[in-house]
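Participant: Here's a sequence, model it:
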Amino acid sequence: MVVASTGFFDGVHRGHRSVLETTRDIALKQGCQSAVITFWPHPRAVLQQDAAKFRLLTSLEEKRKLILSMGIDQVHVLNFDKEFAKQSTEECFRDFLKESFGVTTLVAGYDHRMGSDLNQTQEEMFEIARSMNITPVRVKEFGNGFSGEHTIISSTKIRESLINGNIESANLMLGYRYGLEGVVVEGKRLGRTLDRKSTRLNSSHESPS
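Facilitator: This is a model prediction of the structure:
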């Protein structure tokens, strides 16, 4: 028995966290494993022509760490390519949720759908889940909770806030302080000369005794 949620979870923001908390709590109550089934790379990077301009909030490893920090037991990463994108909801549920991971309960965000059936409603997706003895659980939309206007949190809105330099708004939607990880590359070693230059400059401005 596995309680799982599916999706890309870029940034693992407060909306995602509501889904993850529900997944974790149901699994604990049922005494079974909690899992997240996610994808890599991002579907937009595979299916749309603007892939070169698309920037993610988190790397795969950062996303994995954030999900596990929420108390989720397992993180499964599926390779997303054009062949995977062609699968119907029924195929995804049968081949991955049921056969590969043994999912018995599926926790989904308010607008989450899975499979290539673009015109399918979430309730129709839930009917497919029930036909395979997978119990669907819907988590209602998560508003920002910090402004007078009710705004649904999304990874897209967080990216827009970061691009516009509105770091505070991005942090509030994320639920944590956004940061960047990278490798420090050795440069021209100019930093180590700053103290000596500063000493010489200070000396040159001293008044003669």
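Participant: The lengthiest helix in the chain - contacts with which helices or strands?
Facilitator: In the chain, assigned by DSSP state H, the helix with the most residues is helix 14-30. Applying 3 or more Cβ pairs under 8 Å, 6 or more residues apart in numbering; DSSP states H and E, we find helix 14-30 packed against strand 2-6, strand 33-40, strand 103-109, strand 135-139. All C-beta spots, glycine's among them, are computed from the backbone N, C-alpha and C.
Participant: which other residues reach the third one?
Facilitator: Looking back up the chat, that one is strand 103-109. 1-7, 15-16, 18-19, 22-23, 26, 30, 32, 35, 37, 97, 122, 125-126, 129, 133-139, 141 (Cβ atoms under 8 Å, 6 or more residues apart in numbering).
Participant: Would you state the helices of this protein in chain order?
Facilitator: 14-30, 43-47, 60-69, 82-85, 89-92, 122-131, 155-163, 167-174, 194-204.
Participant: residues in contact with the longest one?
Facilitator: What that stands for is helix 14-30. For helix 14-30, the surrounding residues in contact (Cβ under 8 Å, 6+ apart) are 1-5, 7, 9, 12, 33-36, 67, 70-73, 105, 107-109, 137, 139, 141-142, 144-145, 152-154, 173-175.
Participant: and it, how far out from the chain's middle?
Facilitator: Put simply, helix 14-30 sits 15 Å off its chain's centre (Cα atoms, centre = their mean, to the nearest Å).
Participant: circling back to that earlier point, would you mark the buried spots in the longest helix of the chain?
Facilitator: 14, 15, 16, 17, 18, 19, 20, 22, 23, 24, 26, 27 (16 or more other Cβ atoms under 10 Å).
Participant: rewinding a little: now list the buried members of the contacts of strand 103-109.
Facilitator: 2-7, 15-16, 18-19, 22-23, 26, 32, 35, 37, 97, 122, 125-126, 129, 134, 136-139.
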